[in-house]
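Participant: Here is my input; please provide its structure:
(chains A and B)
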Amino acid sequence: MSVRMIDKKLIAYLEELSRLRLREEDQKEMAESLDSILGYVDTLSGLDTAGVEELSHPFAAVNAFREDVPDDSFERDRIMEAAPQQKDGCFRVPKTVE
Amino acid sequence: MPSTDMTALAAAKQIRNRELGCVELTKYCLQRIRETEPETGAFTNVLYDAALEQAAAVQKRLDAGESLSPLAGVPMALKDNICMRGAATTCASRMLESFHPPYDATVVEKLRAAGAVVVGKSNLDEFAMGSTTETSYFGPTRNPWDPGRVPGGSSGGSAAAVAAGQVPYALGSDTGGSIRQPCSFCGVSGIKPTYGAVSRYGLVAFASSLDQIGPIGRDIADCAAVLKAIAGPDPKDATSALRDPFDFSTSFDGSVENLRVGVPRNYFADGLDDDVRGPVLAAAQTLEKMGARVSEFDLPLADMAIAAYYVVACAEASSNLSRYDGVKYGFRPDGAETLEDVYIRSRSEGFGSEVKRRILLGTFVLSAGYYDAYYKKALQTRRMIQNAFHEAFGRFDMILSPCAPTAAYKLGANSHDPLQRYLGDIYTVSVNLAGIPAVSVPCGFTPGGLPVGMQLIGPAFSEPVLVKAAHAFQQQTDFHTRTPKRGETP
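Facilitator: Residues are numbered from 1 along each chain as shown, chains lettered A, B, ... in the order given. As a prediction, this is how the structure comes out:
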């Protein structure tokens, strides 16, 4: 792991992956800040982690099973209230299939 | 008579004894909010009418002889990333500006059952990503001790509301210090509970393996009472711990006799302001004089915590925030012509720049070719940090440290240098990585009169012991009773 240069091309790739579009004037600032943060993160490369198991959850996670009891879910209208656009009780989006 | 420095437990007691009415107290808090809010900006939304209705309903329950919690009838503020029906939950983001959640968070259900009165939703950094409350889409919150300074963050609105005497207590959330650091900056008390102690159902997710909801109050006894009311297993949160309720029955005997307190020498090295070092070390001496066994030690890996934290937190954030697509709820601009365009424009126009930075950073560390070097490495470091704490807790009951390297700083300081801001989280983030609890209590003031807090960190589910030490400390000191403006003991 070495200090990498976050360039415009990589920013564009990350924008595509995360469905974000930065304004052109913000791309440079974003690249600089990511570069400086990742440069700092590279301090981790000096740490010997050979053989250390990853910790993705604070405690030894054990599946917490419960009885499968049928219960009411949310009413459809209550969920649809928050939709930015809807039609006939469904979420509305631009046409996706010609 | 209500007053701005009344604790929640004292107010509730007056209500139970019929010396004070719920509606009267709520009106008093709302009036205080009206007076101070133009300067403080602690709320995204004050629920003037709903709060009075709620207060009247709680009074009715009390009058009917219903036995409610020790907090019944007391007004409070709810951080605006916690869902509650009947009001918007904005996360201080344009993305959720008009989002009305269809359900109550579990903590809200529990507070309602306990007879709490929610007077408003408190301000935060957008999606809780920040340590100043300046990234809020609705404008910054200001520190009641000095309106030119930040209240800390991300629960800056909650801490400022308590410090300004607007409400006796509030709920915040803590992903990397977001309860403890604003408590330190605003001179109030708080608890970041053990991961899993409090249900996260209804807390808008930032980094799911780090987030915890916790209380902020005028003293630690209030915080313990609130924690007791909101903690416990929840079928709606599979990560909530299946444990008995917290038992604080031995937490208020005022004794720290023989408690083993470790002071990590390396936390007090370069990078810590003298103005903070002084009060925190003095607090260690106070605990020693009271009978605690205080000794110095070196806590390994402190210098790796921020790097590991920002990798893990941003990775989880980039995944969690992918749900905001402009389709099911949240912001969506007019005129998007394709589905892809709906996604991209909703996210690009709905999120602020700090949120975008963290999404991009998280996307980077999870992307092919970088995953092992960054994300996997950070998770391994996380394990080593947790192990370092485990080892320390073999020798100590708790660790005493500063909450932040400085007291509250000026609005706008370092706003163009995100890394500098991240470095301010040095003392708090490792606690979240390890999933352990910490309390934050006032322990002094800078020469300029700004509050300084310390944190006591303990092993998982040791909240009763941490509260015991913090309460004993507050019996011996008066820092927590001082309020802005006067700066003196009331």
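
Participant: per-residue pLDDT, the residue nearest the centre of chain A?
Facilitator: The residue lying closest to the centre of chain A (Cα atoms, centre = their mean) is residue A:18, at 7.0 Å. pLDDT for residue A:18: 98.

Participant: Once you drop chain neighbours, what's closest to it?
Facilitator: Using Cβ to Cβ, 6 or more residues apart in numbering or on different chains and skipping the chain neighbours, the partner closest in space to residue A:18 is residue B:363 (4.5 Å). No exception for glycine: its C-beta is placed from N, CA and C like everyone else's.

Participant: Next up, the contacts around the one you found.
Facilitator: A:14, A:17, A:18, B:318 (Cβ atoms under 8 Å, 6 or more residues apart in numbering or on different chains).

Participant: And it, its phi and psi?
Facilitator: Phi and psi for residue B:363, reported as degrees, to the nearest 10, are phi -60, psi -40.

Participant: Ok, the one 10 residues further on next?
Facilitator: Summarising the backbone geometry of residue B:373 under the convention degrees, to the nearest 10, its torsions are phi -70, psi -30.

Participant: That one and residue A:45 touch, don't they?
Facilitator: Yes. Taking contacts as Cβ atoms under 8 Å, residue B:373 lies within contact range of residue A:45: 7.5 Å.

Participant: Of these two, which one has the most company?
Facilitator: residue B:373 (18 against 14; other Cβ atoms under 10 Å in any protein chain shown).

Participant: sec struct for the closest residue in space to residue B:238 that isn't next to it in sequence, please.
Facilitator: Closest residue in space to residue B:238, ignoring its immediate chain neighbours: residue A:64 at 5.2 Å, by Cβ to Cβ, 6+ apart. Under DSSP: H, G, I helix; E, B strand; the rest coil, the three-state class of residue A:64 is coil.

Participant: Identify the residues contacting stretch B:48-59?
Facilitator: With Cβ under 8 Å, 6+ apart, stretch B:48-59 has contacts from B:21-23, B:25-27, B:29-30, B:68, B:72-73, B:75, B:86-87, B:115-120.

Participant: thinking again about what came up before, surely the residue nearest to the centre of chain A meets residue B:318?
Facilitator: Yes. The pair residue A:18 / residue B:318 is scored as a contact, 6.4 Å apart, by Cβ under 8 Å.

Participant: Show me whatever sits in contact with both of the two.
Facilitator: In contact with both residue A:18 and residue B:318: B:359, B:360, B:363, using Cβ under 8 Å, 6+ apart.

Participant: Same list (these) but as TSV, adding pLDDT.
Facilitator: Formatted as TSV, the shared contacts of residue A:18 and residue B:318 follow (pLDDT from 0 to 100):
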residue	pLDDT
B:359	98
B:360	98
B:363	98
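
Participant: What about residue B:31, how many residues nearby?
Facilitator: Using other Cβ under 10 Å: residue B:31 sits among 12 other residues.

Participant: what does the host helix or strand of it contact?
Facilitator: According to DSSP states H and E, residue B:31 maps onto helix B:22-40. Contacts to helix B:22-40, defined as Cβ under 8 Å, 6+ apart, come from residues B:2, B:4, B:11, B:15, B:42-43, B:46, B:48, B:51-52, B:54-56, B:58-59, B:62, B:72-75, B:117, B:119-120, B:141-142, B:144, B:147, B:160-161, B:164-167.

Participant: before we move on, what about stretch B:272-291?
Facilitator: Under Cβ under 8 Å, 6+ apart, the answer for stretch B:272-291 is B:255-259, B:261, B:263, B:268, B:294, B:400-402, B:404-407, B:443-448, B:450, B:452, B:454, B:469, B:472-473, B:476-477.

Participant: Looking at the residues you listed, which are in helices?
Facilitator: B:469, B:472, B:473, B:476 (DSSP state H).

Participant: Please convert the buried members of the residues you listed into PyMOL selection syntax.
Facilitator: Buried members of those, defined by 16 or more other Cβ atoms under 10 Å in any protein chain shown, are picked up in PyMOL with:
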select buried, chain B and resi 469+472+473
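
Participant: Identify, from the ones in helices among the contacts of stretch B:272-291, the entry nearest to chain A.
Facilitator: residue B:469 (22.6 Å; Cβ to the nearest Cβ).

Participant: Tell me how far the closest one lies from residue A:51.
Facilitator: Taking Cβ to Cβ, to the nearest Å as the measure, residue B:469 falls 37 Å from residue A:51.

Participant: cool, residue B:28 as well?
Facilitator: To residue A:51, residue B:28 is 60 Å away according to Cβ to Cβ.

Participant: Next, count neighbours for the residue in chain A that chain B sits nearest to.
Facilitator: Relative to chain B, the nearest point of chain A is residue A:58 (2.4 Å; Cβ to the nearest Cβ). Using other Cβ under 10 Å, residue A:58 has 21 neighbouring residues.

Participant: Let me know whether my guess that it is in a helix holds.
Facilitator: No. Under three-state DSSP, residue A:58 falls outside any helix and is assigned coil.

Participant: Does it touch residue B:386 like I think?
Facilitator: Yes. Here residue A:58 reaches residue B:386: they are 7.4 Å apart, a contact under Cβ under 8 Å.

Participant: Distance check, the residue lying farthest from the centre of chain B against residue A:94.
Facilitator: Within chain B, the residue lying farthest from the chain centre (Cα atoms, centre = their mean) is residue B:337, at 40.8 Å. Distance of residue B:337 to residue A:94, given as Cβ to Cβ: 6 Å.

Participant: give the contact list for the residue nearest to residue B:256 when sequence neighbours are not counted.
Facilitator: Distances taken as Cβ to Cβ, 6+ apart place residue B:292 nearest to residue B:256, at 4.2 Å, with adjacent residues excluded. By Cβ under 8 Å, 6+ apart, the residues touching residue B:292 are B:256, B:257, B:258, B:259, B:260, B:261, B:469.

Participant: from memory residue A:54 sits against residue B:376, does it?
Facilitator: Yes. Using Cβ under 8 Å, residue A:54 is in contact with residue B:376, at 6.0 Å.

Participant: count of neighbours near the closest residue to residue B:95 other than its chain neighbours?
Facilitator: Closest residue in space to residue B:95, ignoring its immediate chain neighbours: residue B:350 at 3.6 Å, by Cβ to Cβ, 6+ apart. By other Cβ under 10 Å, 21 other residues sit near residue B:350.

Participant: which residues does residue B:350 contact?
Facilitator: Residue B:350 neighbours (Cβ under 8 Å, 6+ apart): B:93, B:94, B:95, B:324, B:326, B:330, B:331.

Participant: What residue in the stretch 351-490 of chain B comes nearest to chain A?
Facilitator: Closest point on the stretch 351-490 of chain B to chain A, by Cβ to the nearest Cβ, is residue B:435, at 2.4 Å.

Participant: For residue B:77, which residues count as its bridge partners?
Facilitator: With DSSP bridges as the criterion, residue B:77 is bridged to residue B:120, residue B:170.

Participant: Could you report the distance from it to residue A:49?
Facilitator: 42 Å.

Participant: same check, this time on residue B:110
Facilitator: With Cβ to Cβ as the criterion, residue B:110 and residue A:49 are 40 Å apart.

Participant: Mind telling me what element residue B:195 is part of?
Facilitator: Judged by DSSP H and E, residue B:195 forms part of no helix or strand.

Participant: The longest helix along chain A: which residues count as buried?
Facilitator: Ordering each helix of chain A by length in residues (DSSP H) puts helix A:24-41 first. Neighbour-count burial for helix A:24-41, with 16+ other Cβ under 10 Å as criterion, is recorded at A:30, A:31, A:33, A:34, A:35, A:36, A:37, A:38, A:40, A:41.

Participant: Up against chain A, what does the stretch 151-300 of chain B have?
Facilitator: B:195, B:196, B:209, B:235, B:238, B:239, B:241, B:242 (Cβ under 8 Å from any Cβ of the partner chain).

Participant: Pull the number of nearby residues for the nearest residue to the fourth one once chain neighbours are set aside.
Facilitator: Right, residue B:235. Counting by Cβ to Cβ, 6+ apart, residue B:235 lies nearest to residue A:66, which is 5.7 Å off, once chain neighbours are set aside. Neighbourhood size, residue A:66 [other Cβ under 10 Å]: 7.
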